[in-house]
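Chemist: mind looking at a prediction? Sequence and model below.
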Amino acid sequence: MNNTLTAVAGLKVGHYTDKEGETGCTVIVAADGAVAGVDVRGGAPGTRETDLMSPVNTVTTIHAVMIGGGSAYGLAAADGAMRWLEAQGIGFDVGLGVVPIVPAAALFDLLVGDFKARPTAEDGYTACENATDDPVPMGLVGAGTGATVGKLYGMPTASPAGLGSAARTLDNGVTVSALVAVNAFGNIVDPESGKILAGTKNHSGEGFVDIIEKMSGDLSGTMFAFGQNTTLAVVATDAVMSNSEASKMAQMAHNGLAQTIRPVHTPLDGDTVFALATGKSGKSANLTVLGAVAADVLAQAVLRAASR
């Protein structure tokens with residue numbers, strides 16, 4: 001059973017993983033196009049082509065989303081996705097050819113592995129070549145390769161996180177899914193038990209530091225480095241949606257991050273959620289339900305990223 005992002009018909013996912021450099025990128029391909037929305041909450045985002053998804057703008061259908069490491073350098077991977085899509089004849093028809101629409105976002109993993117290792121256009125092309133509708137590989141792969149969480153004291157006490165994915169099918173047959181690369185300043189926390197699953201380790205090496213509790217007290221020895229984090233997510237459905245509805249689903253899905261990452265949406269993170277609707281089910285669904293379920297499956301995806 002496929003319980004990952006590709007449970008939504010019309011989507012394929014591919015990874016490029018640089019194990020030596022400890023970085024990578026992940027592409028979500030919607031070859032037939034998908035209605036898209038986005039919501040950027042973090043204070044230090046690295047993004048490309050997100051403005052075009054605004055409900056007031058003209059082009060509301062996208063053909064792929066690229067997420068990856070390398071900070072702003074890593075946005076170059078989207079060039080490779082565009083080149084691959086053009087070769088397949090996929091894109092916005094402009095008469096003389098096509099222009100693939102590929103929004104992208106990057107997370108900061110430059111302090112893990114090789115600082116000079118960043119996803120390139122060639123790596124983005126490779127990720128597209130690897131794209132399938134099989135269950136999505138998770139863990140330290142693709143955009144999650146160099147992902148870490150719990151940076152209160154900097155990298156020495158941070159924990160590896162990675163990439164997670166989850167999905168759910170509603171009683172009416174509509175499927176909602178999520179994929180996330182978790183690279184947060186905060187800790188990953190089980191929302192039911194409150195247990196810290198991954199995050200800032202105690203200096204003793206045993207157990208984790210409650211960042212929220214620590215931030216309300218003595219901050220000596222802590223590290224608040226600008227923009228060295230960012231959690232990137234894609235939520236998707238096969239329901240029929242408008243661009244404005246997809247944008248609202250992306251907004252509501254952020255609640256899944258708020259349930260599982262503490263703190264989240266800080267000035268040190270560039271947290272971004274994309275929402276895609278392929279319409280392949282031919283069914284519509286209540287927007288409130290879609291948004292609430294998107295938040296829930298995104299929370300599950302975060303927990304899966306922490307468990308690998």
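Modeler: Perfect, thanks for sending it.
Chemist: for Tyr125, give me its contacts.
Modeler: The neighbourhood of Tyr125, defined by CB atoms under 8 Å, 6 or more residues apart in numbering, consists of Gly80, Ala81, Arg83, Trp84. Yep, even glycine has a C-beta here, placed from its N, CA and C like the rest.
Chemist: what's the distance between it and Asn243?
Modeler: According to CB to CB, to the nearest Å, Tyr125 and Asn243 sit 28 Å apart.
Chemist: now swap in Gly154 and tell me
Modeler: Relative to Asn243, and taking CB to CB, Gly154 is found at 40 Å.
Chemist: more neighbours: these two, which one.
Modeler: More crowded of Gly154 and Asn243, by other CB atoms under 10 Å: Asn243, with 20 against 16.
Chemist: contacting residues for the more buried one?
Modeler: With contact set as CB under 8 Å, 6+ apart, Asn243 has these partners: Val35, Ala36, Gly37, Met53, Pro55, Thr60.
Chemist: apply 6 Å and report the result again.
Modeler: Residues counted as contacts of Asn243 (CB atoms under 6 Å, 6 or more residues apart in numbering) are Val35, Pro55, Thr60.
Chemist: and Ile211, by the same measure?
Modeler: By CB under 6 Å, 6+ apart, the contact set of Ile211 is Leu152, Gly186, Asn187, Thr200.
Chemist: which parts of the chain are helices?
Modeler: Along the chain, counting by DSSP state H, helices occupy 77-87, 121-129, 211-215, 243-260, 287-306.
Chemist: pull the number of nearby residues for Lys151.
Modeler: 29.
Chemist: now Trp84. Nearest residue, chain neighbours left out?
Modeler: Of all residues beyond its chain neighbours, the one nearest Trp84 is Cys128 (3.9 Å), with distances taken as CB to CB, 6 or more residues apart in numbering.
Chemist: how about Gln300?
Modeler: Sequence neighbours aside, Ala166 is the residue nearest to Gln300 in space, at 3.8 Å (criterion: CB to CB, 6+ apart).
Chemist: is the one you found bridged to anything, and to what?
Modeler: Here Ala166 sits in beta bridges with Ala178, as judged by DSSP bridges.
Chemist: and Val273, what are its bridge partners?
Modeler: Legend: beta-bridge partners of Val273 under DSSP bridges are Asp39, Ala233.
Chemist: for Thr148, same thing?
Modeler: Beta-bridge pairing for Thr148 (DSSP bridges): Pro160.
Chemist: quick one: contacts for it?
Modeler: Contacts for Thr148 (CB under 6 Å, 6+ apart) come out as Ala158, Pro160, Ala161.
Chemist: look up how far Ala285 lies from the first one.
Modeler: Counting by CB to CB, the gap between Ala158 and Ala285 amounts to 39 Å.
Chemist: ok, the two, which is more surrounded?
Modeler: Higher neighbour count among Ala158 and Ala285: Ala158, with 24 against 21, using other CB under 10 Å.
Chemist: how close does the closest residue to the more buried one other than its chain neighbours sit to Pro160?
Modeler: Distances taken as CB to CB, 6+ apart place Thr148 nearest to Ala158, at 4.4 Å, with adjacent residues excluded. Distance, Thr148 to Pro160, by CB to CB: 6 Å.
Chemist: cool, and Asp18?
Modeler: Distance of Asp18 to Pro160, given as CB to CB: 15 Å.
Chemist: got it, and Gly142?
Modeler: Relative to Pro160, and taking CB to CB, Gly142 is found at 14 Å.
Chemist: do Asp114 as well
Modeler: 16 Å.
Chemist: out of these two, which sits in the more crowded spot?
Modeler: Pro160 (21 against 13).
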